[in-house]
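# Structure of the sequence below:
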Amino acid sequence: MLPSRKQPDVPAPDSPWSEIVPGLWMGGHEYKGRSGGLEFAVVHDEFDLVLTLLRLPGHGPDDDVEHHVWPIPDGPLDGTQLAGVLRLARAAGEGLAQGRRVLVRCYHGYNRSGLVVAHALIGAGHTADEAIRLIRSRRSRWALHNELFVEYLKTGLDTVRLLEELAE
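Modelled structure (predicted):
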C-alpha cells in the first residue's frame with residue numbers, strides 16, 4: 001500500500017516517468033493511468049541506473065539494474081541527507097556522461113527527484129532557474145513545488161549542506 005499524500009491538492013503525474021534531458025528521467029511510484037485511476041509505476045529493465053529517494057516494495061528495478069537508494073523526507077534536510085542527495089546527483093551526472101539511461105524517482109517524481117535532477121543539471125552547466133524551468137516543462141508544473149527545495153537549489157546544495165552541518 002502506498003503512503004497517503006501529505007498534499008492532497010497536488011495531483012498524481014500523468015506518466016510514470018518523464019525524460020528531462022536525453023537519457024535523464026524523473027519519475028515516481030504512482031501515476032494517473034489512462035483510465036484516470038492511480039497505477040503503480042514499476043521499473044523493470046527500462047533504465048541502466050535507478051536512483052531512489054523513497055523506496056516502496058515491489059516497484060523494482062530488476063536485479064540486474066544498478067540501483068542506489070537514499071530515502072529522504074520531502075521537507076527540511078540535514079547535512080547527512082544533503083550529502084546523499086549530492087552523491088545521487090553526481091551518480092546521475094556520471095551515468096548520463098557514460099551514455100546510460102538514468103531514472104531518479106521518489107513518490108510522485110516531483111520534489112525529491114527534482115532536487116537530485118536539478119542539481120545534476122546544474123553540475124552540467126545549467127543555472128538553478130534554468131534547471132527548475134526545464135524540469136517543470138518536461139515533468140509537470142507541480143515539479144519542485146516544495147519551495148524549500150527551490151531555495152536549496154538557488155543557494156547551492158554544497159552551501160546548504162555546509163550551513164546545515166554547522167548548525168548541527
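# How about the contacts made by the closest residue to residue 78 other than its chain neighbours?
Once flanking residues are discounted, residue 78 sits nearest to residue 164: 5.7 Å by CB to CB, 6 or more residues apart in numbering. The way it works is simple: take the backbone N, C-alpha and C, and place the C-beta from them, glycine included. Shown in contact with residue 164 (CB atoms under 8 Å, 6 or more residues apart in numbering): 77-79, 82.
# tell me the secondary structure for residue 164?
helix (DSSP: H, G, I helix; E, B strand; the rest coil).
# So residue 103: helix, strand or coil?
strand.
# Quote the end-to-end distance of stretch 105-112.
Taking CA to CA, to the nearest Å, stretch 105-112 runs 8 Å from one end to the other.
# How many residues are close by the nearest residue to residue 99 once chain neighbours are set aside?
Distances taken as CB to CB, 6+ apart put residue 23 closest to residue 99, at 6.9 Å, once the chain neighbours are dropped. When neighbours are defined as other CB atoms under 10 Å, residue 23 has 18 of them.
# One more: residue 34?
7.
# How about the one 3 residues further on?
Around residue 37 sit 8 other residues, with neighbours defined as other CB under 10 Å.
# One more: residue 96?
By other CB under 10 Å, neighbour count at residue 96 equals 20.
# Does it touch residue 24 like I think?
Yes: taking CB atoms under 8 Å as the definition, residue 96 is a contact partner of residue 24 at 5.3 Å.
# Mutual contacts of the two, please.
In contact with both residue 96 and residue 24: 102, 120, using CB under 8 Å, 6+ apart.
# where does this protein dip in pLDDT?
1-8 (pLDDT under 70).
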